[in-house]
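[1] any chance you could fold what I've pasted below:
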Amino acid sequence: MEENAENMTESIKSVKTGQITYAVRDTMIDNIEIHKDDIIGLGDNGMLADGTDINDVAFETVCKMMSEDSELIGIYYGQEIDEARANELCDRLSEEFPSVDVEVNAGNQPVYYYFLSVE
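    Below you'll find the predicted structure:
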């Protein structure tokens, strides 16, 4: 069990995470001007994307999370996203990154349209 915990702790260092949600007020984050109700993409190190379309912002966020050794993209869609919309994002990412596996899962989380991971 101890060895598994050590392996998992080491592996988690290579996972990048992102969240897609909306802005609750006008503000400036990481030199990006955000307006109330904009769709925003947040990553481990701050703001990655801003826009008006949920899937466009999610796509841009994942693109900024990718590196040449990325192998897996995880999409966890929230309560306000249906499976068909999440699969559209999956198809777009699969086309952009054909050598990377893309998984879609129902996360059913409130507030966040998507949780994203890149490994």
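[2] when you work out contacts or count neighbours from here on, use the C-alpha atoms and nothing else.
    OK.
[3] what's the helix ranked longest in the chain packed up against?
    For the chain, the helix with the greatest residue count under DSSP state H is helix 83-96. Applying 3 or more CA pairs under 8 Å, 6 or more residues apart in numbering; DSSP states H and E, we find helix 83-96 packed against helix 54-65, strand 72-77, strand 101-106.
[4] show me what counts as buried in the last one.
    In other words, strand 101-106. By neighbour count with 16 or more other CA atoms under 10 Å, strand 101-106 contains the buried residues 101-102, 104.
[5] mind picking the one among those that's closest to residue 55?
    The nearest member of the buried residues of strand 101-106 to residue 55, counting by CA to CA, is residue 104 at 13.5 Å.
[6] can you name the next helix or strand after the helix-or-strand element of the chain with minimal mean pLDDT?
    Least confident element among the helices and strands of the chain, by mean pLDDT, DSSP states H and E: helix 2-12 (a mean of 77). Using DSSP states H and E, the helix or strand that follows helix 2-12 in sequence is strand 16-22.
[7] off-centre distance for that next one?
    Mean-position distance between strand 16-22 and its chain equals 5 Å (CA atoms, centre = their mean, to the nearest Å).
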